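J.: One predicted model, sequence on top.
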Amino acid sequence: MQAGGMGGDENSLEHLEFLLQNLNGYSNVKIVQIAKAVLQGSRGDCNGPHFQMYLKALDTACGVGDVRRCLALFYVANEMLQSTRNDRAWNAALASTLSTYLPRVCAIAASNKVEWNVPMNILRLPGVWRKDGVFAPEFCEKLQVSCETAFRQPWEMHQQGMQGMMRSQMNDGPD
């Protein structure tokens, strides 16, 4: 065992598994560590065990609707995208994955009634990717529409709830 309780070296599956198991928030340090472990461990092989372990963690988090973990893992994907902008093979593999997960992540994010800034950050990513040239503009546009569609209904319900609460407070005001 290494110091800090991590098993294996930095490129081992055990190390990545440890990092993934301990990701429970939006710590940029942890997100960068996981992205680095996936990229270095995979060495360009999108079907390799490191990349597949990451995808399994993302799929599991999305499947159970674990908002914080799902979004944190999606931030890992964004970090990988930003880190590999010049490697078209990685971007193509991630694009394929994101086209499946991004709308799900937005829907899950929208179910988070406490942290509305988080889904807003997810919604802005396709625009950032378009501007930075990470993906083709057409792909980014398609992702943006999918995200907005997945997010719209829960957001509108939230807005209606807030408006109803404000009306109720106004009606309960001093006589």
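T.: Done, it's in. Bear in mind that the values here come from a model prediction, so they are computed numbers and not experimental data.

J.: which residues touch L20?
T.: Residues in contact with L20 (CB atoms under 8 Å, 6 or more residues apart in numbering) are 34, 53-54, 57, 73. Using the backbone N, CA and C atoms, a C-beta is placed for each residue, glycine as well.

J.: hmm, which two among those residues are most spread apart?
T.: Farthest pair in these (CB to CB) is M53 and L73. Separation: 11.3 Å.

J.: For this protein, which segments are assigned as helices?
T.: Secondary structure of the chain by DSSP state H: the helices cover 13-21, 28-42, 49-64, 67-83, 88-110, 117-132, 137-171.

J.: Mean neighbour count, those: which tops it?
T.: Among those, helix 67-83 has the highest mean neighbour count (mean count of other CB atoms under 10 Å), at a mean of 21.

J.: relative to helix 117-132, how tilted is it?
T.: Counting by axes from the mean of the first three to the mean of the last three CA atoms, to 10 degrees, helix 67-83 points 10 degrees away from the direction of helix 117-132.

J.: from the middle of its chain, how far away would stretch 84-104 be?
T.: 12 Å (CA atoms, centre = their mean, to the nearest Å).

J.: Identify the residues contacting that stretch?
T.: With contact meaning CB under 8 Å, 6+ apart, stretch 84-104 is reached by 39, 44, 46, 51, 55, 58-59, 62, 74, 77, 80-81, 122, 125-126, 132-135, 139, 142-143, 146-147, 149-150.

J.: circling back: could you redo the contacts of L20 as CSV and give each row pLDDT and distance to D66?
T.: As requested, the contacts of L20 are exported to CSV (pLDDT from 0 to 100; distance: CB to CB, whole Å):
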residue, pLDDT, distance to D66
I34, 95, 16
M53, 94, 17
Y54, 93, 15
A57, 93, 10
L73, 88, 9
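
J.: Put together CSV for the residues you listed, with distance to N117 on each row.
T.: Output for the contacts of L20, formatted as CSV (distance: CB to CB, whole Å):
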residue, distance to N117
I34, 22
M53, 29
Y54, 25
A57, 23
L73, 18
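
J.: ok, the nearest residue to E148 once chain neighbours are set aside - contacts?
T.: Nearest non-adjacent residue to E148, counting by CB to CB, 6 or more residues apart in numbering: L123, 6.8 Å away. Contacts here follow CB under 8 Å, 6+ apart; on that basis L123 touches 106, 144, 147-148, 151.
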